[in-house]
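*Asks:* got a predicted structure plus its sequence, pasted below:
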Amino acid sequence: MSSREAVLGRIRAALADVPADERPDDVPVPRTYRRSHTEPGEDIVALFAERVADYRANVTRTDQAGLPAAIAAALTASGASNLALPSGFPVELLPPGDWQWHPEPLDVQALNALDGACTLAAAGIAVTGTIVLDAGPGQGRRALTLVPDYHLCVIRAGQIAADVPDALARLDPMLPLTFISGPSATSDIELDRVEGVHGPRTLHVVIVDHPTHPEQP
Amino acid sequence: MSKPGSRGVVWLGSPSFPDAAREALGNTRLRANLKRATTTIRDKRLAVASELDDWEQLRDAATAIKNRTARHLDRYLVQLEAAVTAAGGTVHWASDAAEANRIVTELVQATGEREVVKIKSMATQEIGLNEALAEAGITAYETDLAELIVQLGDDRPSHILVPAIHRNRTEIRDLFTAEMAHWGQPAPENLGDDPRELAEAARLHLREKFLTAKVAVSGANFAVADTGTVVVVESEGNGRMCLTLPETLITVMGIEKTVPSWSDLEVFLQLLPRSSTGERMNPYTSTWTGTTDGDGPREFHLVLLDNGRTDTLADEVGRQVLGCIRCSACLNVCPVFERTGGHAYGSVYPGPIGAVLTPQLVGVENAASLPFASTLCGACYDACPVKIDIPEVLAHLRAKAVERKPRGAEALAMKAAATVLDSPRLLSAAQKAAALGGRALAREGRIGRLPGPLHGWSDTRDTPAPPAESFRSWWRKNREGER
């Protein structure tokens, strides 16, 4: 007998008390919890900005017209000059200046030599201050936002979900997803949080407040 | 299927909990480290849990989802297997620790590599994977900061979330300075003990390993049956490194980590970070479904591990323990854990959850003292995000431990007492003997420590000396004629 059959057989034997005609849906799951911990009419973009900043990430709010200048200001403050540029990132957003943009494909050693990456996002979660990447256009493969020490992420207000349940419903689980809440951190020394371990030590989130084309990423 | 005693989980040769606890209590540095860390995390957890006014409803939903999963686990595992396979992954089934270790070792050998990078995982701790790989000449590098501290110190984990909780910053600094060079990049010169500096040292030490590793081994926090999606929740980014940079990814997960559907994660992704590190959300959560062209590993293997879980499932009271999401909130609130630390439990699963999980995984006769390693105060039950009734399971396992124990001195004494209490003549004789013997032993009306087998009772409590005369005898002498 294979281990597969053995394990499944032991499970069935262990569940002798479960009626043979019971279906999974017969076991009730009370869904009385909130869909969102925000109040109706609450400014979720402001909440998102506040909660991202709570993790000691940098946050800038701007509008579409001010976006290139906001990106330029963030990059200047970071000191990053060599940046990974994922496929599908709108080139019209790139500010004029001395930055070197390195388009994909970039292998791991090449990424390790860069200062940072500049990406879009797939979704945001206001209550938890989280950005989510799904490797879609303008985000790059997962290594892009992991190996370099600096990550600048542009998210549009319309992409921000109020809370975790809404966000999960917007995302496609078949894509590789990364939920990012602040810079890399650890609580492993005396259970106190310090920022900066293996992932980017600086996270800068630029929120674009009034999207002129909300249907675009 | 191997015998329950050979499933790993417990450390062979460990003393029983009472002996290990006594020794740990004498270690003042350990107690100071634990008190500091558990106090910090308790305050943070309470603050972020009380932000959610539906915390109790979320807990109820979590219990129910885990109950639904357990009652139909065979169906969900088959569904998970089909979904992972359809997405390009390969599923393996392991009855016990030895089989899981063999599967992983052969998968690594098939790649031709001699090194793997590892994400912290309780399942691989449980089965002793690192030791099994070492026997096959394969070096496993732990990349979680706390696991790295444990590995460099040739130490054992003492906490589910923070395996090096028993070490303070100065001890960690000394360990990095002494040991990092033996494993790769040495520690920076004149390393200080500021946690930021220590985190930076770990970053430098492991960077080259991440960039060159071809094989990674992980555990899983959740696996979604209807989509085949696997979830790893972490903080440092070492998880992301292991999950995305190598060519081959091998994930070992206990069969109970399955959840029915993608939307069920909305409950656990709210409960887990707040219960575990006291954050609204942990820095990084990665989810993946099979393999993705051009992004991440080209090969993905999922090893489904039983190793005593089906025995646990068969116990209708103990089954609820399989709902554990390894947040470690119960450890941080436990008055016993705070004083003894994790090593005293002699298991990779310490604290209240370990006291109910370990005896079920390895058989209660192989961890008989653990169900008694608790005051039954119930703080663990209140803190548990899945509402596992740990005190109920402890009491249940205590009964089992007593049933399985050979009749000892206590049982014989109780039997003798029953005989004496049944007979007025024997009782009277015993009371006279006790009065004489008691006065001989007592000092100032109290009996202190007794020799021999009675010391277990008398070490921690005084007994009043029996009176010179029993009430029955006094009554006969003074009042019997007056009736």
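*Replies:* Perfect, I can see it now.
*Asks:* which stretches of the chain form strands?
*Replies:* You didn't say which chain, so I picked chain A. In chain A, the strands defined using DSSP state E lie at A:58-62, A:82-85, A:100-103, A:116-120, A:123-125, A:130-133, A:150-156, A:160-161, A:177-180, A:185-186, A:194-195, A:202-208.
*Asks:* my bad, chain B
*Replies:* Counting by DSSP E, the strands of chain B are B:90-94, B:115-118, B:139-142, B:215-218, B:222-224, B:229-234, B:248-254, B:258-259, B:284-289, B:299-305, B:446-447, B:463-464.
*Asks:* in JSON lines, list those along with mean neighbour count, distance to residue B:26 and mean pLDDT.
*Replies:* Where you see a C-beta, it was placed from the backbone N, CA and C, and this is true even at glycine. Putting the strands of chain B into JSON lines (neighbours: other Cβ atoms under 10 Å in any protein chain shown; distance: least, Cβ to Cβ, whole Å; pLDDT from 0 to 100) gives the following:
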{"stretch": "strand B:90-94", "mean neighbour count": "20", "distance to residue B:26": "40", "mean pLDDT": "98"}
{"stretch": "strand B:115-118", "mean neighbour count": "23", "distance to residue B:26": "34", "mean pLDDT": "98"}
{"stretch": "strand B:139-142", "mean neighbour count": "20", "distance to residue B:26": "29", "mean pLDDT": "97"}
{"stretch": "strand B:215-218", "mean neighbour count": "26", "distance to residue B:26": "37", "mean pLDDT": "98"}
{"stretch": "strand B:222-224", "mean neighbour count": "23", "distance to residue B:26": "40", "mean pLDDT": "98"}
{"stretch": "strand B:229-234", "mean neighbour count": "25", "distance to residue B:26": "35", "mean pLDDT": "98"}
{"stretch": "strand B:248-254", "mean neighbour count": "24", "distance to residue B:26": "35", "mean pLDDT": "98"}
{"stretch": "strand B:258-259", "mean neighbour count": "25", "distance to residue B:26": "43", "mean pLDDT": "98"}
{"stretch": "strand B:284-289", "mean neighbour count": "26", "distance to residue B:26": "39", "mean pLDDT": "98"}
{"stretch": "strand B:299-305", "mean neighbour count": "23", "distance to residue B:26": "37", "mean pLDDT": "98"}
{"stretch": "strand B:446-447", "mean neighbour count": "16", "distance to residue B:26": "26", "mean pLDDT": "79"}
{"stretch": "strand B:463-464", "mean neighbour count": "12", "distance to residue B:26": "26", "mean pLDDT": "80"}
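*Asks:* as a markdown table, those strands with distance to residue A:149 would be great.
*Replies:* Output for these, formatted as a markdown table (distance: least, Cβ to Cβ, whole Å):
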| stretch | distance to residue A:149 |
| --- | --- |
| strand B:90-94 | 35 |
| strand B:115-118 | 19 |
| strand B:139-142 | 21 |
| strand B:215-218 | 21 |
| strand B:222-224 | 30 |
| strand B:229-234 | 18 |
| strand B:248-254 | 24 |
| strand B:258-259 | 34 |
| strand B:284-289 | 15 |
| strand B:299-305 | 28 |
| strand B:446-447 | 68 |
| strand B:463-464 | 67 |
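*Asks:* and the gap between the spatially most central residue of chain A and chain B?
*Replies:* Geometric centre of chain A, nearest residue: residue A:132, 2.3 Å, by Cα atoms, centre = their mean. Distance of residue A:132 to chain B, computed by Cβ to the nearest Cβ, to the nearest Å: 9 Å.
*Asks:* low-confidence ranges in the chain?
*Replies:* Picking chain A for this. Applying pLDDT under 70 to chain A flags the ranges A:210-217.
*Asks:* try again with chain B
*Replies:* Residue ranges of chain B with pLDDT under 70: B:1-2, B:5, B:406-410, B:453, B:483.
*Asks:* break it into its domains for me.
*Replies:* For chain B, automatic domain parsing gives the domain ranges B:4-310, B:424-482.
*Asks:* just these: most buried one?
*Replies:* Most buried of the domains of chain B by mean neighbour count (mean count of other Cβ atoms under 10 Å in any protein chain shown) is domain B:4-310; its value is a mean of 21.
*Asks:* if we can go back for a sec, any chance of the domains of chain B in a markdown table, plus distance to residue A:12?
*Replies:* Shown next, in a markdown table, are these (distance: least, Cβ to Cβ, whole Å):
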| stretch | distance to residue A:12 |
| --- | --- |
| domain B:4-310 | 6 |
| domain B:424-482 | 44 |
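*Asks:* how about these, which one is nearest chain A?
*Replies:* Smallest distance to chain A across these (Cβ to the nearest Cβ): 2.7 Å, for domain B:4-310.
*Asks:* what's the end-to-end length of that closest one?
*Replies:* Terminal residues of domain B:4-310 are spaced 11 Å apart (Cα to Cα, to the nearest Å).
*Asks:* quick one: residue B:130 from residue B:228, how far?
*Replies:* 28 Å (Cβ to Cβ, to the nearest Å).
*Asks:* er, residue A:205 I mean
*Replies:* 31 Å.
*Asks:* before we move on, what about residue A:15?
*Replies:* Look at residue A:15 and residue B:228: by Cβ to Cβ, they are 23 Å apart.
*Asks:* likewise residue A:121?
*Replies:* 24 Å.
*Asks:* could you do residue B:222 as well?
*Replies:* Residue B:222 is 12 Å from residue B:228, by Cβ to Cβ.
*Asks:* and for residue B:400?
*Replies:* Using Cβ to Cβ, we find residue B:400 at a distance of 37 Å from residue B:228.
*Asks:* that older thread, which one of the domains of chain B lies nearest to residue B:360?
*Replies:* Taking Cβ to Cβ, domain B:4-310 is the member of those nearest to residue B:360, at 6.8 Å.
*Asks:* hang on, the earlier thing: tell me which residues touch the residue nearest to the centre of chain A, please.
*Replies:* Neighbour list for residue A:132: A:121, A:122, A:123, A:124, A:125, A:167, A:171, A:177, A:178, A:179, A:180 [criterion: Cβ atoms under 8 Å, 6 or more residues apart in numbering or on different chains].
*Asks:* how many other residues sit next to the closest residue to it other than its chain neighbours?
*Replies:* Using Cβ to Cβ, 6 or more residues apart in numbering or on different chains and skipping the chain neighbours, the partner closest in space to residue A:132 is residue A:123 (4.4 Å). Neighbours of residue A:123 under the rule other Cβ atoms under 10 Å in any protein chain shown: 21.
*Asks:* list the contacts for residue A:123?
*Replies:* Contacts of residue A:123 were listed using Cβ under 8 Å, 6+ apart, and they are A:131, A:132, A:134, A:159, A:160, A:161, A:167, A:170, A:171.
*Asks:* counting neighbours, which of the residues you listed end up buried?
*Replies:* A:131, A:132, A:134, A:159, A:160, A:161, A:167, A:171 (16 or more other Cβ atoms under 10 Å in any protein chain shown).
*Asks:* which residues does residue B:172 contact?
*Replies:* By Cβ under 8 Å, 6+ apart, the residues touching residue B:172 are A:189, B:149, B:164, B:193, B:198.
*Asks:* kindly report the same for residue B:428.
*Replies:* B:470, B:472, B:473.
*Asks:* do you know how far it is from residue B:472?
*Replies:* Using Cβ to Cβ, we find residue B:428 at a distance of 7 Å from residue B:472.
*Asks:* wait, isn't residue A:139 in contact with residue A:122?
*Replies:* Yes: between residue A:139 and residue A:122 a contact is recorded at 6.8 Å, counting by Cβ atoms under 8 Å.
*Asks:* which residues are in contact with each of those two?
*Replies:* Any residue near both residue A:139 and residue A:122 by Cβ under 8 Å, 6+ apart counts here, and that gives residue A:133.
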